[in-house]
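Asker: Take a look and give me a structure for this.
(chains A and B)
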Amino acid sequence: MNFDYDLEQQQLANALRRFLANEYDFAARTRILASGNGHSPPVWTGLAEIGLLALPLPEEYDGFGGGMVDMMNVMEALGEALVVEPYLATLGLGAQFVLRAGSDEQKRAILPAVAAGELKLAFAHLERDARYDLAYCATSARRSGAGWQLDGAKSVVLHGACADLLVVTARVEGETDAEHGLCLFLVPANTPGVTLREFHTADDLPGADIRFDRVVLAPDALLGHAGQALPLVEEVVDYATALLCAEAVGVLRLAYQSTLEFLKTRKQFGVAIGSFQAVQHRMVDLFIDLEQAQSMACLVCARMDAGLDTAERRRLVSAAKIRIADACRRSSQETVQLQGAMGMSDEMMISHAHRRLTMIAQQFGDAEHHLERFAD
Amino acid sequence: MDLQYSSEQQAFRDEVRQWLQANLPADLRAKVTRYQHLDRDEVMRWHRILADKGWIAPHWPVEWGGTGWDAVQRYIFEDECGYAGTPQLPGLSLMFCAPVLIAFGTPEQKQRFLPPIYSGEDFWCQGYSEPGAGSDLAALQTRAVRDGDHYVVSGHKLWTTQAHWANWMFCLVRTDPKPKKRQEGISFLLIDMATPGITVRPVILMDGSHEVNEVFLDQVRVPVENLVHQEGQGWEVAKYLLNYERLNAGRVGTSKRQLSELKELAARTVTRGRRLLDDPRFRDRVSRVEVELMALEITNLRYLDRMVRSGRAPGAEVSLLKLKGTAIQQQISELMLQAAGPHGQRGTGPDTTMDEHDALMAALAPRYFNLRKLTIAGGTDEVQRNIIAKLTLGL
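Answerer: Next up, the predicted model:
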């Protein structure tokens, strides 16, 4: 048994943390958010130079063949700096679909470009009435000549505002929430008929609502087999959920450390407020939450590397997400309360961590959703 | 024991409800119930409607425009306003500044300041908190030095709600820098925000809203006639407000309305043929909040009844009502966001042409973020518990 990261993993994380400390401290992040949609090309290039964009891809496509534990380490560090770059959208979702379902031509066209930092992806799946039902898809795909025609609308596509290439779900048959009939398509964001309404999400990610109006696609836009995409969607979303859990550990640690520092330095009634027992005990609970969250991220990532069947994967991912959603909710509420009015201010980092933690608690399913799935 | 309102009280409730239905402008109500921020003009439009009706300051003495209602009627009125979705009135003017002037002001101060508060001409903010004086208010360091007929005030106020809307500020300042006890040597001054030396800087909250400010005072000259009560006795004035009758601190009416909005949202959110409201995990959480709210309403009425029959001003009761009431409001906003699910991550962008559904989804997360302030502003949860521990439990 050994819970430590190995030397290579530690070196990668150190390089990433050094890069983020230099290029992505809170002031730099604030400038980047204010200047555009939140994505920073120089930062993305920096991540590519460290090798992060190649990390989970196979060596034959210019990748490093990294596993979940390698990625966990990276996600924690990105979480600690509240990075809003499309890392999860590109490597955790988009490229995973290509990797798992793409033809060799599709992989060769896309994955090396991802590894080089030249192609950013987003997963356009959520629709207005879908909530957490992954089978829900009203966007339609019809045969059109040798290719396809897409019509429909996707909601709150995370990192949709900065993606070059969209992985889009569409339905060839069945009711709107039928488990069969789903397809995956590769759609460049600048394809005629694709229109974006861009926004910053509530946690400052570059999001978009995306419409597809008579979007004509070539035959090779189809990813995998037509009508059978749901199991793959579930598998990739589970993969991304495990990574999100790792990111959450980083954000939880950031919120924890910032609040601990505040309790030691903020004085009221002539003493540090951390000297009050009522405050100490609440901070201890946050420490316990952080430890438990970290354990669940370790568990799900290490076990995924070892190989899991579908039932085990679903159960473990849900277990991790339940514990981490609970930790995110409590940490986000308590750290703001303990930092008082300062915690409410947009100028303070903790309020940004609060918003991100609040959203992570719900992203890919809240605790209640995963409780239902866990006991299934 | 009789838990029912009397028939007169019930008739009064009906009268208020009907009047609100007829007179609350639909656009203002829509903004409130869709969780949008109102601007100053919108708030003051509602203020003037109530002032014209004679209902803007029910708790004031009749000679200054009060309605003469008893405490139960006042509670019913506020409960109905919350339930109807009325804009939040400038409480610092009506519920903080005015009661102080009525209790401590000179006849000249009352004559000068109360009528423009009533009409809405004046808008007040409260200069209490400072960077080093939050929960520990007595640590405040803003200095006022007497210079002839003026005090010269310098300091830094923080979290000053709606200072950017206000033309007046009531302010706690230190007139004695070296008192025996820290609560001594503090004075209560009324400051015209147009006086040279005042700078207001916005502090943006995490939902992007501009509600609070920093106020910098640099050699601000305040006429001595704007001192309320005696020099050095400002703490007594501030304490009076703590015990002031604020029996709507629980905001039961507001929460009742929001609870029904939550249930409506959960009823029209359907996944795989099941309404979210029928999901036992979600439904149980909604039910728990509903039960807490039922209990709070009765607790609220018990305290009201006790106050009416004993004639004593409430003390730590207000702290309990605020603790429970704010927790319930936060829980409802949390459940609303949870009902939205992944759609709650939607934010607002340059394009504001969203339909009603998307606009609601976009409002829920900012609203949840904003309401975290409820357990911090106006005395944190921790301070409220200290008050109950000390005054009620004798610990």
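
Asker: Hmm, residue A:354 is touching residue A:332, no?
Answerer: Yes - using Cβ atoms under 8 Å, residue A:354 is in contact with residue A:332, at 4.6 Å. C-betas here are computed from N, CA, C, even on glycine.

Asker: so what's residue B:203 up against?
Answerer: Taking Cβ atoms under 8 Å, 6 or more residues apart in numbering or on different chains, we find residue B:203 in contact with A:345, A:347, B:158, B:159, B:210, B:212, B:213, B:214.

Asker: Could I get the full set of helices for the stretch 201-350 of chain B?
Answerer: B:234-242, B:252-268, B:280-310, B:316-340 (DSSP state H, counting those that start in this stretch).

Asker: Buried only: go through the contacts of residue B:203 for me.
Answerer: Buried members of the contacts of residue B:203, scored by 16 or more other Cβ atoms under 10 Å in any protein chain shown, are A:345, B:158, B:159, B:212, B:213, B:214.

Asker: could you measure the last one against residue A:102, distance?
Answerer: Residue B:214 is 55 Å from residue A:102, where distance means Cβ to Cβ, to the nearest Å.

Asker: Kindly report the domain assignment for the chain.
Answerer: Since you didn't name a chain, this refers to chain A. Per automatic domain parsing, the domain ranges recorded for chain A read A:7-119, A:122-228, A:231-374.

Asker: Hmm, no, I was thinking of chain B.
Answerer: As given by automatic domain parsing, the domain ranges for chain B are B:7-89, B:124-232, B:245-392.

Asker: need those in TSV with mean pLDDT, can you?
Answerer: Below are the domains of chain B laid out as TSV (pLDDT from 0 to 100):
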stretch	mean pLDDT
domain B:7-89	95
domain B:124-232	97
domain B:245-392	92
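
Asker: And the residue nearest the centre of the chain?
Answerer: You didn't say which chain, so I picked chain A. Nearest residue to the geometric centre of chain A (Cα atoms, centre = their mean): residue A:88, 4.0 Å.

Asker: nope, chain B
Answerer: residue B:91 (5.6 Å).

Asker: For that one, give me phi and psi.
Answerer: phi -60, psi -30 (degrees, to the nearest 10).

Asker: Then residue A:153?
Answerer: Dihedral angles (degrees, to the nearest 10) for residue A:153: phi -140, psi 140.

Asker: Residue B:86 reaches residue B:20, doesn't it?
Answerer: Yes - taking contacts as Cβ under 8 Å, residue B:86 lies within contact range of residue B:20: 6.9 Å.

Asker: the more surrounded of these two?
Answerer: Set side by side, residue B:86 and residue B:20 show more neighbours around residue B:86, with 22 against 19, by other Cβ atoms under 10 Å in any protein chain shown.

Asker: who touches the more buried one in this structure?
Answerer: B:20, B:24, B:28, B:29, B:32, B:46.

Asker: one more time with 7 Å, if that's ok
Answerer: B:20, B:24, B:32, B:46 (Cβ atoms under 7 Å, 6 or more residues apart in numbering or on different chains).

Asker: how about it, secondary structure?
Answerer: coil (DSSP: H, G, I helix; E, B strand; the rest coil).

Asker: what does the stretch 51-200 of chain B have sitting close to chain A?
Answerer: B:134, B:135, B:136, B:159 (Cβ under 7 Å from any Cβ of the partner chain).

Asker: Show me which residues of the stretch 251-376 of chain A sit near chain B.
Answerer: Contact residues, the stretch 251-376 of chain A versus chain B (Cβ under 7 Å from any Cβ): A:268-269, A:278, A:336-337, A:340-341, A:344-346, A:351, A:354-355, A:358-359, A:362-363, A:366, A:368, A:371-372.

Asker: can you pull the contacts of the residue in chain A that chain B sits nearest to?
Answerer: Per Cβ to the nearest Cβ, residue A:199 is where chain A lies closest to chain B, at 2.8 Å. Residue A:199 makes contacts with A:207, A:208, B:346, B:347, B:348, B:349, as judged by Cβ under 7 Å, 6+ apart.

Asker: What count of nearby residues applies to the first one?
Answerer: Okay, so that is residue A:207. 29.

Asker: Show me the strands in chain A, by range?
Answerer: A:121-124, A:140-144, A:147-158, A:165-171, A:182-188, A:194-200, A:206-217, A:222-223, A:267-268, A:271-272 (DSSP state E).

Asker: With respect to residue A:24, which of those lies nearest?
Answerer: Counting by Cβ to Cβ, residue A:24 lies closest to strand A:206-217 out of those; the figure is 15.6 Å.

Asker: quick one: secondary structure of residue B:115?
Answerer: Relying on three-state DSSP, one would call residue B:115 helix.

Asker: Around it, how many other residues sit close by?
Answerer: Burial of residue B:115 is recorded as 13 neighbouring residues (other Cβ under 10 Å).

Asker: Find out how far the top helix by length along chain A is from the centre of the chain, if you would.
Answerer: Of all segments of type helix in chain A, defined using DSSP state H, the longest is helix A:230-265. Offset of helix A:230-265 from its chain centre (Cα atoms, centre = their mean, to the nearest Å): 9 Å.

Asker: just stretch A:329-339 next, same as before
Answerer: 22 Å.

Asker: what residues does that stretch touch?
Answerer: A:252, A:255-256, A:259, A:262-263, A:279, A:282, A:286, A:289, A:343-344, A:350-351, A:354, A:357-358, A:361, B:372, B:375-376.

Asker: Helices - which of those residues land there?
Answerer: Those of the contacts of stretch A:329-339 lying in helices (DSSP H): A:252, A:255-256, A:259, A:262-263, A:279, A:282, A:286, A:289, A:343-344, A:350-351, A:354, A:357-358.

Asker: picking that back up, just send the buried ones among the contacts of residue B:203 back as TSV, with distance to residue B:279 too.
Answerer: Output for those, formatted as TSV (distance: Cβ to Cβ, whole Å):
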residue	distance to residue B:279
A:345	36
B:158	43
B:159	39
B:212	37
B:213	42
B:214	45
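
Asker: Report the contact partners of residue B:23.
Answerer: Here residue B:23 is in contact with residue B:49 (Cβ under 7 Å, 6+ apart).

Asker: before we move on, what about residue A:321?
Answerer: A:241, A:245, A:364, A:365, A:370.

Asker: Check the stretch 1-150 of chain B for the residue nearest chain A and tell me.
Answerer: For the stretch 1-150 of chain B, Cβ to the nearest Cβ, closest residue to chain A: residue B:136, 3.8 Å.

Asker: Number of residues surrounding that residue?
Answerer: A total of 17 residues lie near residue B:136 under the criterion other Cβ under 10 Å.

Asker: nearest residue to it other than its sequence neighbours?
Answerer: Distance criterion Cβ to Cβ, 6 or more residues apart in numbering or on different chains; nearest residue to residue B:136, sequence neighbours excluded, is residue A:268 at 3.8 Å.

Asker: and of the residues of the stretch 51-200 of chain B next to chain A, the nearest to residue A:133?
Answerer: Residue A:133 has its nearest neighbour among these in residue B:159, at 42.6 Å by Cβ to Cβ.

Asker: Please name the nearest non-neighbouring residue to residue B:219.
Answerer: With sequence-adjacent residues excluded and distances taken as Cβ to Cβ, 6+ apart, residue B:219 is closest to residue B:197, at 5.0 Å.

Asker: I misspoke; the intended subject was residue B:125.
Answerer: That would be residue B:166: by Cβ to Cβ, 6+ apart, it lies 3.8 Å from residue B:125.

Asker: give me every residue that touches that neighbour.
Answerer: B:123, B:124, B:125, B:193.

Asker: That one belongs to a strand?
Answerer: No - counting by three-state DSSP, residue B:166 falls outside a strand, being coil.

Asker: Give me the contact list for the longest strand seen in chain B.
Answerer: Identified as the longest strand of chain B according to DSSP E is strand B:210-223. With contact meaning Cβ under 7 Å, 6+ apart, strand B:210-223 is reached by B:127, B:142, B:149-164, B:189, B:191, B:195, B:197-205.

Asker: Just the buried ones from those?
Answerer: Buried members of the contacts of strand B:210-223, counted by 16+ other Cβ under 10 Å: B:127, B:142, B:150-164, B:189, B:191, B:198, B:200, B:203, B:205.
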